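Engineer: got a predicted structure plus its sequence, pasted below:
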Amino acid sequence: MPDVLQPDTSFADGNILRTTTDGVGVIAFNNPDKHNAMSLEMWEGFGQALTNLRDDDAVRVVILRGAGGKAFVSGADISQFEKQRHNAAASEDYAKRSAAQRAMLADYLKPIIACIQGFCLGGARGTATKRSRLPPRNDLDRSAASRTTLSALIWNRSHHQMT
């Protein structure tokens, strides 16, 4: 998969890229200078990209990936903590706003594959593994689908680590 996507749409000032080709939707976390650390704006842009792909009947599978080749996502953007998590109320607001996107990911009805190359730290591990499930084919499948998982991990030899 090429490192640079030509996005159909971008969100969060270009830090979330979305593209679709031949029934495959790709969301790229595009903050490589910070190893794709997630700001609150990126979380919200991620939710918008997920919604767009969910609502596109031509998209059959979604791929998540990090830009830059060094990280999938390195976790939260701690440079924003002083501004966005400076007290209990601000921290609670941040948690609620980012949790909404994680909840959407957990209940997503299309298969999601996380292509992990490089670092995958903090909340990114949850993003990569929280919802890599097969969607139910019908109502009888719903309980079984919640226990069936798909995982796609890429062994990145250049980093000598399994991510």
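Structural biologist: Arrived safely.
Engineer: without its sequence neighbours, what residue ends up closest to residue 14?
Structural biologist: Once flanking residues are discounted, residue 14 sits nearest to residue 30: 6.3 Å by Cβ to Cβ, 6 or more residues apart in numbering. For every residue, glycine as well, the C-beta is placed using N, CA and C.
Engineer: once you drop chain neighbours, what's closest to residue 59?
Structural biologist: That would be residue 25: by Cβ to Cβ, 6+ apart, it lies 4.2 Å from residue 59.
Engineer: whichever strand or helix holds the one you found: what's the following helix or strand?
Structural biologist: Using DSSP states H and E, residue 25 sits within strand 24-29. Later in the chain than strand 24-29, the nearest helix or strand by DSSP H and E is helix 40-54.
Engineer: residue 72 and residue 99, how far apart?
Structural biologist: Distance, residue 72 to residue 99, using Cβ to Cβ, to the nearest Å: 20 Å.
Engineer: neighbour count: these two, which is higher?
Structural biologist: Remark: of residue 72 and residue 99, residue 72 carries more neighbours, 27 against 11, as counted by other Cβ atoms under 10 Å.
Engineer: distance of the more buried one relative to residue 91?
Structural biologist: Here residue 72 is placed at a distance of 25 Å from residue 91 (Cβ to Cβ).
Engineer: what about the helices in this structure?
Structural biologist: Secondary structure of the chain (DSSP state H): helices at 40-54, 81-84, 88-106, 123-130, 142-145.
Engineer: mean pLDDT added to those helices, as TSV?
Structural biologist: Listed next are these as TSV, based on pLDDT from 0 to 100:
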stretch	mean pLDDT
helix 40-54	94
helix 81-84	80
helix 88-106	82
helix 123-130	62
helix 142-145	40
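Engineer: as a markdown table, those with distance to residue 18 would be great.
Structural biologist: Output for the helices of the chain, formatted as a markdown table (distance: least, Cβ to Cβ, whole Å):
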| stretch | distance to residue 18 |
| --- | --- |
| helix 40-54 | 4 |
| helix 81-84 | 24 |
| helix 88-106 | 14 |
| helix 123-130 | 15 |
| helix 142-145 | 25 |
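Engineer: alright, I will stop here.
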